[in-house]
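**Student:** I would like to see how this sequence folds:
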Amino acid sequence: MKKTETPPRRFVSTRFLICCLLPYLSLVAGITIGMIYAKSIAIANYGTDHAKQDWQKWREETQRQSIGAGPVQRRPANAEEPPIVLLLGDYFWTSWLAIVSMLSVIFATLAFLAAGAFGKSAADSVPLANHDAKDRESDGTESEVL
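**Tutor:** Next up, the predicted model:
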């Protein structure tokens, strides 16, 4: 007699994937909104003429201290704008991609661990041996039952 084969089981259920996808998308949306908000605040605070003048004074001071005329020897600041304006202005999408990439790796690792911890064990997916006489007969291990 031919044994019936069970279809292969998926590692995780569709419900588990949906439960992981919703928090992941909300985290990515939260990071995106947070970075856009931080960009607007940084440009509002450090993009003004007064802030640019303060930055130019700082650049001149680092230039002066780079030749050893000060309490420490500094490298001169090369940027024309404050670093936060460059980071969130010119390199916004690069920063966003780096943060989302790291978040994705951490989230996928935690989801994998959760799937292993809360999913069905391998023993649950292996069918128990059928002790039917016909199966024993096809194996050639028929034992005489009196």
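**Student:** so for the helix or strand that contains residue 44, mean pLDDT?
**Tutor:** Secondary structure assigned from DSSP states H and E places residue 44 in helix 14-46. The average pLDDT within helix 14-46 is 91.
**Student:** and it, what does it pack against?
**Tutor:** Counting contacts by 3 or more CB pairs under 8 Å, 6 or more residues apart in numbering; DSSP states H and E, helix 14-46 is packed against helix 83-85, helix 92-118. Just so you know, the C-beta spots here come from the backbone N, C-alpha and C atoms, and that holds for glycine as well.
**Student:** what angle do the longest one and helix 14-46 make?
**Tutor:** Taking axes from the mean of the first three to the mean of the last three CA atoms, to 10 degrees, helix 92-118 and helix 14-46 form an angle of 150 degrees between their directions.
**Student:** for helix 92-118, which positions count as buried?
**Tutor:** 96, 100, 107, 111, 115 (16 or more other CB atoms under 10 Å).
**Student:** who touches stretch 91-108?
**Tutor:** The contact list for stretch 91-108, computed with CB atoms under 8 Å, 6 or more residues apart in numbering, reads 20, 23, 24, 27, 28, 31, 32, 35, 39, 87, 88.
**Student:** the second one and residue 108, how far apart?
**Tutor:** When you say that, I think you mean residue 23. 12 Å (CB to CB, to the nearest Å).
**Student:** repeat for the third one
**Tutor:** Computed with CB to CB, the distance linking residue 24 and residue 108 is 9 Å.
**Student:** any common contacting residues for these two?
**Tutor:** Residues within reach of residue 24 and of residue 108 at once, by CB under 8 Å, 6+ apart: there are none.
**Student:** next, count neighbours for the residue lying closest to residue 86 once chain neighbours are set aside.
**Tutor:** Distance criterion CB to CB, 6 or more residues apart in numbering; nearest residue to residue 86, sequence neighbours excluded, is residue 79 at 6.0 Å. When neighbours are counted by other CB atoms under 10 Å, residue 79 registers 10.
**Student:** which stretches of the protein have low pLDDT?
**Tutor:** Counting by pLDDT under 70, the chain shows low-confidence ranges at 1-12, 70, 120-146.
**Student:** again, only this time at 90
**Tutor:** 1-21, 47-48, 61-83, 85-86, 88-90, 111-146 (pLDDT under 90).
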